[in-house]
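> structure for the following, please:
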Amino acid sequence: MRKLTFPIGGVHPEDMKYSRGHAIEVLPLPPVVYVSVAQHLGAPAVPCVAVGDKVKTGQVVAEPGGFISAYVHSPVSGTVKTIGPRADIAGRPVTHIEIVVEGDEWMEGIDLSEDLVTEIPTDREAVLEKIKACGVVGLGGATFPTHVKLNPPKDAKAECLIVDGAECEPYLTSDHRIMVEKPDQIVVGAAIMQMVLGGCRVVIAVEENKPDAIAALDAAIGRLGYKNIEVATLKMKYPQGSEKQLINAVLGRQVKSGALPISVGAVVQNTGTVLAVYDAVQKNRPLITNVLTVTGDCISGDRMHNYLFRIGMPLSYIADYAGGVPADAAKIVSGGTMMGKPIANLDAAAIKGTPAILYLSEEVTRRKPEGSCIRCGRCSDACPMGLEPFLLNRLYKADDLAALKENAVQDCIECGCCLYSCPSFIPLLDNIRMAKAKVKKL
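Numbering: from 1, shown residues only. Reported below is the predicted structural model:
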């Protein structure tokens, strides 16, 4: 079988998928949850409940604050205790709705059964409205509201829906587990998106290190019998799951600078998002759960888990349930080693897109002394966007914003390939991120 990949740049870190064999476990409810109103790209949601209100599981507690925004639902039943600022994982104050857990009484009309619903609805607008009402957002990292992404401009035609099952980040295995354990639901969800997009081709793209997921999805497609849906095997290469790289791998098309994937006829959705669409459309379940991985290089296999969590659970609660923070963890990360975000506040609440709690030892996180650029060109060879990170770094230090813009600094996808490949340990990614922020203000 031919294995696909993108042609420019990329690196090959060890996959570290130690938790791939751990089935998804359901976390019990904590005493209290803290529901953020900023769980999606775009404007924060606006609380529509008050202190003292009784809420049920699945009830709307915050409404979209703009066109690019999303509904937020209560993940538990209980009483609203406070509404106000609380620190997120970076320590920044964000409005949260604190709910004291008093049970798990779900809103009427939500189907909690495991019965598979395979009939694809045909009312496109009704399906988009259901996806919006259930607060579905992209779970591959960006958390872009899904109902917006599935509704491209009328002059744009979707030729291919690519379901991203690459999960190319080291350590992460939550997408792997849902593909193995929920392949039928993912295929139905993909067929729903296919209908919304006008019946286009669907490719579920999975990296070769997940043969059990590939087999499970292939079998599901055969059982369900939907037309024009297939599984494609990808080579192991980072950042294979990035939209532009995935489109290039599957379709051989390049998205131009500043353009959207739909400009080349593509729409990309993560496997977790596709499962959330199935739950929303076929089961009327709002997006209040997701799967995260607890893993790392400083914990043993029996302490690694893939958990089904409810949004609003404190990360400290999840960590404690999994056995506590390892004594030799020098760094805790939300996500993988390449693009994950350091957790500065373990009391922060899990949000819709929380991918992992990753424990890294001093050996992995120790930053070596920065050397001088030796002009080896490895960072340019590794850049999947065809940029010259060494040049962007030099222009950043010179504060030459015009030249940074001219050299397409905004095209950087912040994958970290340049930093990974630099023999002088220059903080290329950090500096380019700051350069992008400066150019954005021009």
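> got the CA positions of the one helix or strand residue 402 maps to in PDB?
Using DSSP states H and E, the element containing residue 402 is helix 401-406. Only the C-alpha atoms of helix 401-406 are listed here, as PDB (Å, rounded to 0.1, in the frame of the first residue of the first chain):
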ATOM      1  CA  LEU A 401       9.600  44.100  10.800                       C
ATOM      2  CA  ALA A 402       9.300  45.100   7.100                       C
ATOM      3  CA  ALA A 403      11.800  42.400   6.200                       C
ATOM      4  CA  LEU A 404      10.100  39.900   8.400                       C
ATOM      5  CA  LYS A 405       6.800  40.500   6.700                       C
ATOM      6  CA  GLU A 406       8.500  40.300   3.300                       C
END
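> how far does that helix sit from its chain's centre?
Computed by CA atoms, centre = their mean, to the nearest Å, the chain-centroid distance of helix 401-406 equals 30 Å.
> what does stretch 127-145 give?
Counting by CA atoms, centre = their mean, stretch 127-145 comes out at 12 Å from the chain centroid.
> coming back round to it: just the buried residues of the helix holding residue 402, please?
401, 403-405 (16 or more other CB atoms under 10 Å). Backbone N, C-alpha and C define where each C-beta goes, glycine included.
> please report phi then psi for the residue lying closest to residue 158 once chain neighbours are set aside.
Using CB to CB, 6 or more residues apart in numbering and skipping the chain neighbours, the partner closest in space to residue 158 is residue 197 (4.1 Å). With angles defined as degrees, to the nearest 10, residue 197 sits at phi -90, psi 10.
> helix/strand/coil for residue 360?
strand (DSSP: H, G, I helix; E, B strand; the rest coil).
> what's the closest of the buried residues of helix 401-406 to residue 26?
Checking the buried residues of helix 401-406 against residue 26 by CB to CB gives residue 404 as the nearest, at 47.4 Å.
> hmm, residue 439 and that closest one touching each other?
Yes: with contact defined as CB atoms under 8 Å, residue 404 counts as touching residue 439 (5.2 Å).
> did I read that right, residue 194 in a helix?
Yes: under three-state DSSP, residue 194 falls within a helix.
> against residue 127, how distant is it?
11 Å (CB to CB, to the nearest Å).
> domain map for this structure?
Following automatic domain parsing, one finds the domains of the chain at 1-26+112-366, 378-440.
> excluding covalently adjacent residues, which one is nearest to the residue nearest the centre of the chain?
Central residue of the chain (CA atoms, centre = their mean): residue 140, 2.3 Å from the mean position. Once flanking residues are discounted, residue 140 sits nearest to residue 270: 3.2 Å by CB to CB, 6+ apart.
> swap in residue 117?
residue 282 (3.9 Å).
> any stretches of this structure with poor pLDDT?
Low-confidence segments of the chain, defined by pLDDT under 70, span residues 1.
> how close does the residue in it sticking out farthest from the centre get to residue 231?
No residue in the chain sits farther from the centre than residue 374, which is 35.4 Å out by CA atoms, centre = their mean. Noted for residue 374: a distance of 43 Å to residue 231, by CB to CB.
> ok so, going back, confirm the residue nearest to residue 117 sits in a helix?
Yes: according to three-state DSSP, residue 282 belongs to a helix.
> was I right about it contacting residue 188?
Yes: assessed by CB under 8 Å, residue 282 is found in contact with residue 188 at 6.7 Å.
> who has more neighbours out of those two?
residue 188 (25 against 21; other CB atoms under 10 Å).
> report how many residues lie close to residue 126.
Residues near residue 126, counting by other CB under 10 Å: 11.
> I meant to write residue 312 there.
Neighbours of residue 312 (other CB under 10 Å): 27.
> touching, it and residue 31? I think so.
No: counting by CB under 8 Å, residue 312 does not reach residue 31; the two are 11.7 Å apart.
> which parts of this protein are helices?
Under the criterion DSSP state H, the chain contains helices at 124-133, 146-149, 174-181, 183-196, 211-224, 243-251, 271-283, 315-321, 362-365, 378-382, 389-397, 401-406, 417-421, 428-440.
> would you turn those helices into CSV with distance to residue 77?
As requested, the helices of the chain are exported to CSV (distance: least, CB to CB, whole Å):
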stretch, distance to residue 77
helix 124-133, 19
helix 146-149, 26
helix 174-181, 25
helix 183-196, 25
helix 211-224, 33
helix 243-251, 37
helix 271-283, 18
helix 315-321, 18
helix 362-365, 40
helix 378-382, 49
helix 389-397, 50
helix 401-406, 51
helix 417-421, 45
helix 428-440, 41
